[in-house]
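>>> Sequence and predicted structure are below.
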Amino acid sequence: MADIFIGRQPIFDQSMNVFAYELLFRSDSQSQSAQVFDGDSATSQVLMNCFVDIGLENIVGSNKAFINLTKTFLSNTDLIMLAPADQLVLEVLEDIEPTEDIIAALSLLKKNGYTLALDDFIYDSKFDPFINFSDIIKIDITALNNDEIKQHVEKLKSFNLKLLAEKVETYEEFKFLKELDFDYYQGYFFSKPELITAKSISPNQLTVLHLIARVNDPEVEVEELSKIISTDVSLSHKVLKFINSPFSGLRAQVDSIQQAVILIGLSTIKNWVTIMALANGSKKPDELNTTALVRARCCELLAKSLKLAKPDGFFTVGLFSSLDAMMDQPLEVLLNELPLSEDSRSALLEQKGELGEALNCALTMERNDFGLVSFGELGLTELSDIYLQAIHWADGLSENF
């Protein structure tokens with residue numbers, strides 16, 4: 001488990017009401033600046049934090065969110081189009097050249113309802129195609145003198161767009177910009193970026209790479225992807241939060257990871273995994289993950305031994321039984337963020353129903369209370385064998401990943 005961070009800086013309208021927040025990559029709690037070495041990774045991390053780990057509504061409420069777009073994301077619009085269009089303002093970075101491919105990407109994003117902004121803009125006629133697709137142009141007032149700012153305003157006011165003055169640091173600057181009738185304002189004069197912190201479990205990098213390799217195989221089956229995702233608690237947790245996020249457009253209850261993957265679809269899973277791989281740091285499996293895998297496999301084998309329906313649902317219950325220890329939060333709070341069925345919730349919170357009985361059996365064996373263990377008509381020898389199989393399976397995964 002790790003702390004995750006995201007910076008947000010308010011953007012104000014002419015009446016000094018908050019219009020939006022720019023969401024900024026932050027690597028730690030001490031950073032007041034982005035310290036970005038890899039723009040693709042930074043954008044991916046912001047997207048994962050906003051739409052899966054923290055939730056956009058918890059960061060900006062009903063306001064809009066400005067997010068930087070690198071060339072990689074503009075060259076692969078499917079990645080960004082996972083995100084909802086109505087609340088995002090996509091910022092095209094100043095180092096992106098207006099090639100035919102990029103212009104076509106902006107056209108597609110515009111047609112799909114996204115608001116587009118040009119970041120740190122300095123006028124050059126070659127950027128006219130960008131201007132034609134833009135809704136907002138951000139002018140870094142530290143990069144221009146007052147006469148140049150006036151010239152930019154006069155030139156750009158002829159277009160049907162809004163102007164945003166950024167890096168405003170003094171009252172005198174604000175007064176000057178107000179007289180030029182800028183639409184929006186951003187900078188330290190109004191507010192420094194605020195740091196938002198949350199908890200996240202880091203996926204195993206090798207598992208993510210394995211998943212990427214398989215999702216790019218045209219012959220891959222949903223069942224195989226589900227199995228790979230199910231070997232990592234973090235991936236499983238994120239895929240269920242993904243269903244509840246604005247990214248997916250889904251709000252369905254599910255019993256298992258396989259059902260979740262089917263709902264999301266192979267194409268979306270591929271794009272989602274790519275974003276996560278760009279954002280993810282390298283982490284090795286830890287003991288908590290192995291414990292969760294033992295419980296998951298044990299519950300699944302118990303269900304299969306009695307030929308119960310949906311053994312993958314039993315696996316999911318076992319997998320998420322240690323989520324509270326991983327996230328340092330009450331399990332009930334964490335489950336409120338996941339689209340699990342009521343049967344799964346009852347099993348995890350109260351150990352009720354067949355799912356709960358299987359989980360209780362697994363936990364009892366974990367504590368070595370074999371004198372108290374029971375599940376259906378299975379005998380002690382069968383139960384012991386199931387638990388050993390689960391341990392060997394989980395240990396094997398930890399060695400391979």
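Structure's in. What do you need? Residues are numbered from 1 along each chain as shown.
>>> Just the C-alpha atoms of stretch 125-138, please, in CSV.
The C-alpha coordinates for stretch 125-138 follow below in CSV (Å, rounded to 0.1, in the frame of the first residue of the first chain):
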residue,chain,number,x,y,z
SER,A,125,0.3,31.2,-37.4
LYS,A,126,1.2,27.5,-37.6
PHE,A,127,-1.0,26.9,-34.5
ASP,A,128,-4.2,28.3,-36.3
PRO,A,129,-5.5,24.8,-36.8
PHE,A,130,-5.2,24.2,-33.0
ILE,A,131,-7.0,27.5,-32.3
ASN,A,132,-9.9,26.5,-34.5
PHE,A,133,-10.6,23.5,-32.3
SER,A,134,-9.9,25.2,-29.0
ASP,A,135,-12.4,26.5,-26.4
ILE,A,136,-9.8,28.0,-24.1
ILE,A,137,-6.4,29.4,-24.5
LYS,A,138,-4.0,29.7,-21.5
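>>> What mean pLDDT does that stretch get?
Stretch 125-138 shows a mean pLDDT of 91.
>>> Can you mark which positions in that stretch are buried?
127, 129, 130, 131, 133, 134, 136, 137, 138 (16 or more other C-beta atoms under 10 Å). Heads up, the C-betas are built off the backbone N, CA and C, glycines and all.
>>> Which strands or helices does the helix or strand harbouring residue 360 pack on?
Residue 360 belongs to helix 353-366 when assigned by DSSP states H and E. Under the contact criterion of 3 or more C-beta pairs under 8 Å, 6 or more residues apart in numbering; DSSP states H and E, helix 353-366 touches helix 287-305, helix 311-319, helix 342-350, helix 380-400.
>>> contact partners of the third one?
Which is helix 342-350. Helix 342-350 has contacts (C-beta atoms under 8 Å, 6 or more residues apart in numbering) with 253, 255, 313, 316-317, 320-321, 331-332, 335, 340, 352-353, 355-356, 358-359.
>>> buried residues in stretch 288-297?
Here stretch 288-297 shows 289, 290, 291, 292, 293, 294, 295, 296, 297 as buried, counting by 16+ other C-beta under 10 Å.
>>> With distance to residue 373 as extra columns, can I get those residues in a markdown table?
A markdown table is the format used below for the buried residues of stretch 288-297 (distance: C-beta to C-beta, whole Å):
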| residue | distance to residue 373 |
| --- | --- |
| 289 | 24 |
| 290 | 21 |
| 291 | 17 |
| 292 | 19 |
| 293 | 20 |
| 294 | 15 |
| 295 | 14 |
| 296 | 18 |
| 297 | 16 |
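>>> worst-scoring helix or strand of the chain, pLDDT-wise?
strand 194-200 (a mean of 60; mean pLDDT, DSSP states H and E).
>>> Show me the strands in the protein, by range?
Secondary structure of the chain by DSSP state E: the strands cover 2-13, 18-25, 64-69, 88-92, 115-118, 136-140, 162-166, 184-185, 194-200.
>>> For those, give me a markdown table that also has distance to residue 376.
Output for these, formatted as a markdown table (distance: least, C-beta to C-beta, whole Å):
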| stretch | distance to residue 376 |
| --- | --- |
| strand 2-13 | 39 |
| strand 18-25 | 50 |
| strand 64-69 | 50 |
| strand 88-92 | 50 |
| strand 115-118 | 57 |
| strand 136-140 | 62 |
| strand 162-166 | 64 |
| strand 184-185 | 64 |
| strand 194-200 | 37 |
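>>> mean pLDDT lowest for which of those?
Among the strands of the chain, strand 194-200 scores lowest, at a mean of 60.
>>> how does the protein divide into domains?
2-198, 201-279, 287-400 (automatic domain parsing).
>>> Mean neighbour count, the helices and strands packed on helix 353-366: which tops it?
Highest mean neighbour count among these (mean count of other C-beta atoms under 10 Å): helix 311-319, with a mean of 26.
>>> what's that helix in contact with?
By C-beta under 8 Å, 6+ apart, helix 311-319 touches 226, 230, 233, 236, 255-259, 292-300, 302-304, 308, 340-341, 343-344, 347-348, 354-356, 358-359, 362.
>>> Ok, stretch 125-133 next?
Against stretch 125-133 from outside (C-beta under 8 Å, 6+ apart): 92, 98, 103, 106-107, 110, 116, 118, 121, 137, 156, 159, 161.
>>> what's the offset of that stretch from the middle of its chain?
31 Å (C-alpha atoms, centre = their mean, to the nearest Å).
>>> With stretch 376-396 instead?
With C-alpha atoms, centre = their mean, you get 35 Å for stretch 376-396.
>>> what does stretch 321-334 give?
18 Å.
>>> Check stretch 115-125 too.
That offset, for stretch 115-125, works out to 27 Å (C-alpha atoms, centre = their mean).
>>> Buried only: go through the contacts of helix 342-350 for me.
The neighbour count (16+ other C-beta under 10 Å) marks 255, 313, 316-317, 320-321, 331, 335, 340, 355-356, 358-359 as buried among these.
>>> Just the closest of the residues you listed to residue 170, please.
residue 335 (48.9 Å; C-beta to C-beta).
>>> so how far is residue 360 from that closest one?
According to C-beta to C-beta, to the nearest Å, residue 335 stands 17 Å off from residue 360.
>>> quick one, helices of the stretch 1-150 of the chain?
Assigned by DSSP state H, counting those that start in this stretch, the helices in the stretch 1-150 of the chain fall at 39-48, 56-60, 71-75, 77-80, 100-111, 128-133, 146-156.
>>> got a list of contacts for the longest one?
Residues outside helix 100-111 that contact it (C-beta under 8 Å, 6+ apart) are 71, 74-75, 77, 80-81, 90, 92, 96, 116, 129-130, 133.
>>> Just give me the closest of the residues you listed to residue 21.
residue 90 (14.2 Å).
>>> separation between that closest one and residue 66?
8 Å.
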